[in-house]
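> What would the 3D arrangement of this be:
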Amino acid sequence: MDISVKNNIKLKGKRVTVIGAARSGVAASELLLTLGAKVFLSDKNSSPGDNPEVKALQKKGVTIEVGAHSEMIYDTDLMVVSPGVPQNSDIIVTAKERDISVIGEVELASWFTELPIVAITGSNGKTTTTTIIAEMCQLSTYTPYLAGNVGIPFSQIVRENLETEPENGIYILEISSFQMEHIKHFTPHVAVLLNLTPDHLDRYISMEEYATAKMQILKNMTDKDKVIYNADDILLTSWIHTRARQIPFTLKNHSNSLFSINATKIKDKHGNIIAHFKDLSLPGEHNTANFLAASTVCKILNVPMDSIRKVMTTFRGVPHRIEHICSINEVDYYNDSKATNVESVNVALNSFSRPIILILGGRDKGGDFSKLIPHLTPNVKTILVIGETSDRIIETLGEQFYCMPVASLESAVKTAYSKTQPDDIVLLSPGCSSFDMFDNYEHRGEIFKQTVIELLESI
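Residues are numbered from 1 along each chain as shown. Model prediction:
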């Protein structure tokens, strides 16, 4: 199937294989059905067979196989792969050897919308910045659609808007490196590059391969498009190569940035005060950077400054990112389940100046846990270690810090409670993926919150 020219792509009557029956695979299948394609949905795991959404697709005419990928996946005109499928997997290698075009769910959805796209990527801060941008746009003339790696598949929203796209609609997409591995035409009107630190090194053979996947977001951008980037991140800036106009944000100084800061406030280029640090709704330098990135985007989109300012002072954060749950006996419990890499844990640790009991661990992503040491030293008094990475974390950190392996997240909460004193913090900030014990980081965070609330109610 020729997909070289976006406007010539027609899927009616075409055979399309979708690999992976989780959220993005189901959404892609729904969109393909609506477009008249003949859909074959395949998942190597058996569990999707019990998913009501998958069963509903089968009733609509989608052919389903679970438990293994058969040779039938290659009897197709096009293959759409879920983000969880590595780019060097046998399935993708074989498909390309047989001249089957392979794309991702985000690429598929982008073919069928003309609305502008703001795409946000980076190793950390994506969800927070994406949500801030959407809220700022919501307070203007735009109708923003939040989608992508935040948990709402792009295909789902595009399908809902197929018949009538609002004149003032705009897509605000959180984008992961996985979603950029199979890009053909996807082009954001504004791309936001927050930072670049080691992540997903269980999937990529090197930092260079990871960065290359991230930078695919710039692949099709032209001089009519804009790239908002973190000028303070030297590694990131070295990877930016694009014809698009580059506009920096910074916590330091840059002549081309639209906003500047001093010791107490954020100002625009004309010296007008946008917000005082004391009034920002989220503390910490990392959140100031997120606000600056979002404000730069929205300034470019002509969102009124009053709307930008209001969100800066009222935004309460996103679930599972340094999320305060409750206090028990003068001890605060925080859910930072979205911290799936070492740098995210460092950000969380640097947000507090009180004694911390840290819950760390999960499935290994190749992170360097030794980089936690300078951030653990001031405040962390106990590390409770969970999941598959337990041995490696204890080997790396055990000589300098008290590390205690626990069998489950529930046990970690109970153990933490037994070790707390007034003014302590119990922080779930795993620094690892969740797939050894949970469905995803949201599931992990919800179990943590549920366990903490049950503890509170039992006292």
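
> The stretch 251-400 of the chain: strands as residue ranges?
259-261, 265-268, 273-276, 323-328, 331-335, 356-361, 380-386 (DSSP state E, counting those that start in this stretch).

> what comes up buried for the longest helix along the chain?
As assigned by DSSP state H, the longest helix anywhere in the chain is helix 441-458. By neighbour count with 16 or more other C-beta atoms under 10 Å, helix 441-458 contains the buried residues 441, 444-449, 451-452, 455. Where you see a C-beta, it was placed from the backbone N, CA and C, and this is true even at glycine.

> May I see the strands of the stretch 251-400 of the chain organised as CSV, with mean neighbour count and mean pLDDT added?
Shown next, in CSV, are the strands of the stretch 251-400 of the chain (neighbours: other C-beta atoms under 10 Å; pLDDT from 0 to 100):
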stretch, mean neighbour count, mean pLDDT
strand 259-261, 20, 95
strand 265-268, 17, 95
strand 273-276, 16, 95
strand 323-328, 15, 96
strand 331-335, 22, 97
strand 356-361, 28, 98
strand 380-386, 21, 98
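
> And residue 42, how close does it get to residue 85?
From residue 42 across to residue 85, the span is 11 Å (C-beta to C-beta, to the nearest Å).

> and what of residue 280?
39 Å.

> try residue 442
20 Å.

> Next: residue 36.
Shown here: residue 36 relative to residue 85, a distance of 25 Å by C-beta to C-beta.

> Compare neighbour counts for those two and give me the winner.
residue 85 (20 against 11; other C-beta atoms under 10 Å).

> Pretty sure that one sits against residue 18.
No - with contact defined as C-beta atoms under 8 Å, residue 85 does not count as touching residue 18 (10.6 Å).

> sorry, back to before: the longest helix of the chain - what's its average pLDDT?
Averaging pLDDT along helix 441-458 gives 97.

> Quick check: chain neighbours aside, which residue is closest to residue 283?
Leaving aside its chain neighbours, residue 283 sits nearest to residue 351 (6.7 Å; criterion: C-beta to C-beta, 6 or more residues apart in numbering).

> cool, and residue 178?
Closest to residue 178 by C-beta to C-beta, 6+ apart is residue 83, at 3.7 Å.

> In contact with the one you found, which residues are there?
Contacts for residue 83 were tallied using C-beta atoms under 8 Å, 6 or more residues apart in numbering; they are 20, 24, 104-105, 149, 176, 178-179.

> Residue 430 reaches residue 340, doesn't it?
Yes - taking contacts as C-beta under 8 Å, residue 430 lies within contact range of residue 340: 6.8 Å.

> list the residues that contact both of these two?
Common contacts of residue 430 and residue 340 (C-beta under 8 Å, 6+ apart): residue 362.

> Looking at those two, which one has more neighbours?
Comparing residue 430 with residue 340 by other C-beta under 10 Å, the one with more neighbours is residue 430, at 31 against 25.

> three-state assignment of the more buried one?
Assigned with DSSP: H, G, I helix; E, B strand; the rest coil, residue 430 falls in the coil class.

> how close does it get to residue 150?
Look at residue 430 and residue 150: by C-beta to C-beta, they are 19 Å apart.

> got it, and residue 382?
32 Å.

> And for residue 424?
31 Å.

> Looking only at neighbour counts, state which of the two leads.
Taking other C-beta under 10 Å, residue 424 and residue 150 do not tie; residue 424 has more neighbours (21 against 17).

> residue contacts, the more buried one?
331-332, 354-357, 381.

> ok, how many other residues are close to residue 72?
By other C-beta under 10 Å, 12 other residues sit near residue 72.

> Nearest residue to it in space, please, no chain neighbours.
residue 40 (6.5 Å).

> I'd like to know how many residues surround the nearest residue to residue 292 once chain neighbours are set aside.
Leaving out its chain neighbours, the residue that sits closest to residue 292 by C-beta to C-beta, 6+ apart is residue 249, at 4.2 Å. Counted with other C-beta under 10 Å, residues neighbouring residue 249 total 28.

> Need phi/psi at residue 249.
Backbone geometry at residue 249, expressed as degrees, to the nearest 10, gives phi -120, psi 150.

> what pairs with it across the strands?
Beta-bridge pairing for residue 249 (DSSP bridges): residue 230.

> Return the distance of it relative to residue 119.
Relative to residue 119, and taking C-beta to C-beta, residue 249 is found at 16 Å.

> cool, residue 81 as well?
As defined by C-beta to C-beta, residue 81 lies at a distance of 19 Å from residue 119.

> Then residue 24?
For residue 24 relative to residue 119 (C-beta to C-beta), the value is 16 Å.

> Those two: which is more packed in?
For the pair residue 24 and residue 119, the greater number of neighbours falls to residue 24 (30 against 27), based on other C-beta under 10 Å.

> Can you lay out the strands of the stretch 251-400 of the chain as JSON lines showing distance to residue 232?
Converted to JSON lines, the strands of the stretch 251-400 of the chain look like this (distance: least, C-beta to C-beta, whole Å):
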{"stretch": "strand 259-261", "distance to residue 232": "11"}
{"stretch": "strand 265-268", "distance to residue 232": "15"}
{"stretch": "strand 273-276", "distance to residue 232": "19"}
{"stretch": "strand 323-328", "distance to residue 232": "26"}
{"stretch": "strand 331-335", "distance to residue 232": "26"}
{"stretch": "strand 356-361", "distance to residue 232": "26"}
{"stretch": "strand 380-386", "distance to residue 232": "26"}
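
> Identify the residue nearest the geometric centre of the protein.
In the chain, the centroid-proximal residue (C-alpha atoms, centre = their mean) is residue 149; its distance is 4.7 Å.

> What distance do you get for the closest residue to it other than its chain neighbours to residue 260?
Excluding the flanking residues, the one nearest residue 149 by C-beta to C-beta, 6+ apart is residue 174, at 4.1 Å. Look at residue 174 and residue 260: by C-beta to C-beta, they are 27 Å apart.

> correct me, but residue 308 touches residue 266?
No - Residue 308 is not in contact with residue 266 according to C-beta under 8 Å; the separation is 9.9 Å.

> Show me this protein divided up by domain.
If you go by automatic domain parsing, the domain ranges for the chain are 11-103, 113-314, 323-458.

> what distance separates the start and the end of the shortest one?
Spelled out, it's domain 11-103. Length of domain 11-103, first residue to last, C-alpha to C-alpha, to the nearest Å: 14 Å.
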